[in-house]
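> Provided below for reference: sequence and predicted model.
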Amino acid sequence: MEILEYLGQFLDLNQWMVLAMFLTFIIMLFSGIPVAYALVGVSLIFIVLGEFVLDENRKVISQFIEFKKTGITYKKLFANGGRFFGGIIKNPVLVALPMFIYMGLMLDQSGVAQRMMRSMQVLFGALRGGLALTVMLIGIILAASTGVIGASVVLLGVMGLPAMMEQKYGKPIATGTIAASGTLGILIPPSIMLVIMSDQLAISLGDLFMGAMFPGLILGALYIIFIVIYGVLRPDAMPLPENREPISVKIILEVALSVVPPMLLILLVLGSIFFGLATPTEASGLGAAGATLLALLNGRLNLRVFKTVGRQTLNTAGYIVGIFIAANFFAFILRRYGGDQIIENMVLGSFENPYMVVAFILFIIFLLGFLLDWIEITLIIMPLMLPVVLSLGIEVNGFGVVGDPSVVWFAILVAVTLQTSFLTPPVGFALFYLKGVCPPNVTIGHIYRGVIPFVLLQLLGLAIVFYFPELTTWLPAKAYGN
């Protein structure tokens, strides 16, 4: 009792409870507890701790079933069971989630990427850094046709790293290029992260898909420019191959034929959305069917592949939906402690300039990316930040078409920021996906050093989108303005 009164001199008790919820969650994660279990576990713990929340008279409330500060009751908890589960499963936007996951996994099995690697490697072989450029271009093409980061990084690592090592590339630049190019799929549509953001922020998925195109391509262009400059400044890290084939019409034709199938798939998905022929949810079904057809035409589709892709899709989608439900439960308890209002007041009170408030939020998300996965940040932090962004009154040019243009701009800023979470230790998942397919002489230290310049380029891309919001709203306006 005396401890509670002492703490109450510095912060309101509810503020201590909100802070304790987040700290407990992080401790559970570092203890190895799965994310969904950690979220539910923290929520249940703080329901019990609610029994000891103080009322206005500084007395401990003895009734656990009904206590004033949080207003949580068992009746309310059970009544919201349908909200935690049914509301998520019935959401039509989230139907696109397993479809895009399936599309990405089936495309990885189709052999399209391997064919592009073989032909483009010959085409760019005469250029310094040609192998790195090949990996980066394939990564950009894969990003526009799959949002499954783990599969993309592993695929690019298996295809590109042995060739780079054989050509005596520097280990940091080789691993950094693969890790960075493999993570572009989380930003360039169709992206499962944008699907989740659309649900959490209640904005158009089509606006997010179109709004992310330019930022994603800008990031890819920055990577390519860096590789070219790096090859000029550090030729010893990117040596030319000893036996280079001269470029011929046959090689150019082979590259064109290898690139056409995935480009047609991209056109099928994004083109149908852009020209208003299909909704993003319908386009996800077209993409899944198109990826299956590519695997069939390449002779890669059989019962084993179909079962493998189906099982991996179920596991990945089930994992995300499980975190969805747990995060909703966590957010419900957090709001009962007034956590949303506490966080909103804290962020709004940090700066007077609204753009500085947005920059502060992005800085927090960047730091959280060192500790949390993008899924937890998207599901927990984004809904808490939405009221803050709406209250700032920032006017972003939506060209009279884009609904909530400031929210679309903010969502894309967060998406670009979350790119860094895949490359920053200790929980940068792209780093560990890549380490799993690296030879023993490539250490995690090589990978860490290799991703540093790409993290800096991601922050440069973030600054460009921050200062030019129209990059996120012009294309959606063009797509839906006719």
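Arrived safely, thanks for sending.
> only C-alpha atoms from now on, for both contacts and neighbour counts.
Noted.
> for the longest helix along the chain, packing partners?
Scanning the chain for the helix with the most residues, using DSSP state H, yields helix 303-336. Where contact means 3 or more CA pairs under 8 Å, 6 or more residues apart in numbering; DSSP states H and E, helix 303-336 is packed against helix 35-49, helix 81-89, helix 96-109, helix 374-376.
> what does the last one contact?
With CA atoms under 8 Å, 6 or more residues apart in numbering as the contact definition, helix 374-376 has outside contacts at 35, 193, 320, 323, 327, 418, 421.
> surely the first one touches residue 41?
No: under the criterion of CA atoms under 8 Å, residue 35 lies out of contact with residue 41, with a separation of 9.7 Å.
> more crowded one of the two?
residue 35 (22 against 18; other CA atoms under 10 Å).
> what's the spacing between that one and residue 28?
To residue 28, residue 35 is 8 Å away according to CA to CA, to the nearest Å.
> what of residue 410?
Taking CA to CA as the measure, residue 410 falls 30 Å from residue 28.
> who has more neighbours, those two?
residue 410 (23 against 18).
> give the contact list for that one.
Applying CA under 8 Å, 6+ apart, the residues near residue 410 are 358, 389.
> for it, helix, strand, or coil?
Put simply, residue 410 is helix when judged by DSSP: H, G, I helix; E, B strand; the rest coil.
> where in this structure is pLDDT low?
1-13, 50-91, 125-126, 146-148, 244-245, 427, 481-482 (pLDDT under 70).
> that one: strands as residue ranges?
Secondary structure of the chain by DSSP state E: no strands are present.
> ok, now which ones touch residue 138?
Neighbouring residues of residue 138 by CA under 8 Å, 6+ apart: 113, 116-117.
> residue 30 versus residue 23, what's the distance?
Applying CA to CA to residue 23 and residue 30 gives a distance of 11 Å.
> can you give the domain ranges for the protein?
1-79, 93-319 (automatic domain parsing).
> looking at these, which is buried most?
Of all those, domain 93-319 has the most neighbours on average by mean count of other CA atoms under 10 Å, namely a mean of 21.
> between the two ends of that one, how far is it?
First-to-last residue span, domain 93-319, CA to CA: 17 Å.
> without its sequence neighbours, what residue ends up closest to residue 160?
Distances taken as CA to CA, 6 or more residues apart in numbering place residue 135 nearest to residue 160, at 6.4 Å, with adjacent residues excluded.
> now render the contacts of helix 374-376 as CSV, adding distance to residue 94.
As requested, the contacts of helix 374-376 are arranged in CSV below (distance: CA to CA, whole Å):
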residue, distance to residue 94
35, 20
193, 11
320, 11
323, 14
327, 15
418, 20
421, 23
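> now, which of these sits nearest residue 437?
Compare each of these with residue 437 using CA to CA and the shortest gap goes to residue 421, at 20.1 Å.
> mind listing what the closest residue in space to the closest one that isn't next to it in sequence touches?
Once flanking residues are discounted, residue 421 sits nearest to residue 369: 4.2 Å by CA to CA, 6+ apart. By CA under 8 Å, 6+ apart, residue 369 lies in contact with 377, 418, 420-422, 424, 427.
> got the residue ranges for the helices in the stretch 151-300 of the chain?
Assigned by DSSP state H, counting those that start in this stretch, the stretch 151-300 of the chain shows helices spanning 171-182, 192-201, 205-233, 249-266, 272-274, 280-297.
> could those helices go into TSV alongside distance to residue 446?
Below are these laid out as TSV (distance: least, CA to CA, whole Å):
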stretch	distance to residue 446
helix 171-182	5
helix 192-201	28
helix 205-233	17
helix 249-266	31
helix 272-274	41
helix 280-297	34
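> so which of those gets nearest residue 456?
helix 205-233 (10.4 Å).
> off-centre distance for the closest one?
Put simply, helix 205-233 sits 15 Å off its chain's centre (CA atoms, centre = their mean, to the nearest Å).
> list the helices and strands it packs on?
helix 130-143, helix 192-201, helix 405-419, helix 444-467, helix 474-480.
> mind putting those helices in JSON lines, distance to residue 257 included?
Conversion of the helices and strands packed on helix 205-233 to JSON lines gives the following (distance: least, CA to CA, whole Å):
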{"stretch": "helix 130-143", "distance to residue 257": "14"}
{"stretch": "helix 192-201", "distance to residue 257": "28"}
{"stretch": "helix 405-419", "distance to residue 257": "31"}
{"stretch": "helix 444-467", "distance to residue 257": "30"}
{"stretch": "helix 474-480", "distance to residue 257": "29"}
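> how about those helices, which one is nearest residue 241?
Of all these, helix 130-143 comes closest under CA to CA, at 9.3 Å.
> got the angle for that closest one vs helix 171-182?
Using axes from the mean of the first three to the mean of the last three CA atoms, to 10 degrees, the inter-axis angle of helix 130-143 relative to helix 171-182 is 20 degrees.
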